[in-house]
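Visitor: What shape does this take:
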Amino acid sequence: MRHLLNCTSGLPDSYPSGMNVRLDYTDEEILRGANREPLRSPPGERYHYSSLGYVVLGILVKHVGGKFYGDVLLERVFRPLGMDTAHVIDIRGIVPNRAAGYEIVDGVLVNQEYYSPTWQATADGALNLSVLDLAKWDAGLLAGKVLRPESWKEVFRPGTLAGGDPSPYGFGWAIEKSAVRSWCPTAATRRGCRRSSSAICATGSRSWSSPTSRTSTTRSRRWPGTSRDCAPRISRRAEEGS
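Guide: Presented below is the predicted three-dimensional model:
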């Protein structure tokens, strides 16, 4: 489990070969497909970011806890932080102001490639939320909510590789040392939208899809100090209905 969280499992970043993103699969079929994939390195030996690892983690959450991982997020993260629009993607549901994903092919803007409901609801991303809800997550994170302090320390602690060297990755967070803050999220691109595996960055840039806002993709550059100053204010304005 820790190898999956630290991205040191050796699993590749791609989905299991032979599986079509336009088709639906059961959890068991996905796990069998993941088990067939050759490892990029022995578990614990090297860091390799792996979307497939997060897909497997989402399935494990369901099998161990008996609840779909999206329901766990709703109960333990979204509702406690007042993130009213946040949910795992439901392509059949009616979502007011949902933004359509898109991509550029040969210099032309086109609709995103179709992904079946299975691949739209995996734990390596697949979230819909507004920019204001992202600010609520940001503010909650800065306030140390949702998890116990000791759990947050584990989240931000670099993994340890088999040879004893530290990994550049925690539990879903790329670890980046700076004079201001030690942690920055990684970002990935899929389903026609940019997204980040975490929702805060003290330096550098972050991107996310904002399906319940008026824009389809939002990019923001965060400079030292602005996150702590701005996120709580944006969150309060959202709660006040401003």
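
Visitor: what ranges do the strands span in the chain?
Guide: 87-88, 102-105, 108-111, 127-128, 174-175, 183-184, 187-190, 193-196, 205-209, 217-221 (DSSP state E).

Visitor: Please pull out the lowest mean pLDDT helix or strand from the protein.
Guide: strand 217-221 (a mean of 30; mean pLDDT, DSSP states H and E).

Visitor: Just give me the neighbour total for Ile30.
Guide: 21 (other CB atoms under 10 Å). In short, each C-beta sits where N, CA and C put it, glycine included.

Visitor: If you could redo that for Glu103, that was the one I meant.
Guide: 15.

Visitor: That one and Ala121, how far apart?
Guide: Relative to Ala121, Glu103 is positioned 20 Å away (CB to CB, to the nearest Å).

Visitor: what's the answer for Pro166, then?
Guide: Counting by CB to CB - Pro166 and Ala121 are separated by 33 Å.

Visitor: can you check Glu37 too?
Guide: 21 Å.

Visitor: Pro96: neighbouring residues, count only.
Guide: 7.

Visitor: Could I get the phi/psi values of it?
Guide: phi -60, psi 130 (degrees, to the nearest 10).

Visitor: Just the pLDDT for it.
Guide: With respect to pLDDT, Pro96 scores 87.

Visitor: Could you do Pro166 as well?
Guide: So, for Pro166, pLDDT stands at 92.

Visitor: hang on, it packs against Thr8?
Guide: No - the criterion here is CB atoms under 8 Å, and Pro166 misses it with Thr8 at 11.2 Å.

Visitor: Need the overlap of contacts for the two.
Guide: Gly159 (CB atoms under 8 Å, 6 or more residues apart in numbering).

Visitor: quick one, which of those two is more surrounded?
Guide: Thr8 (25 against 12).

Visitor: ok, Glu103 touching Tyr114?
Guide: No - in this structure Glu103 lies outside contact range of Tyr114 using CB under 8 Å: 11.8 Å.

Visitor: okay, and the common contacts of these two?
Guide: With CB under 8 Å, 6+ apart, Glu103 and Tyr114 have no common neighbours.

Visitor: so where's this protein shaky on pLDDT?
Guide: 177-242 (pLDDT under 70).
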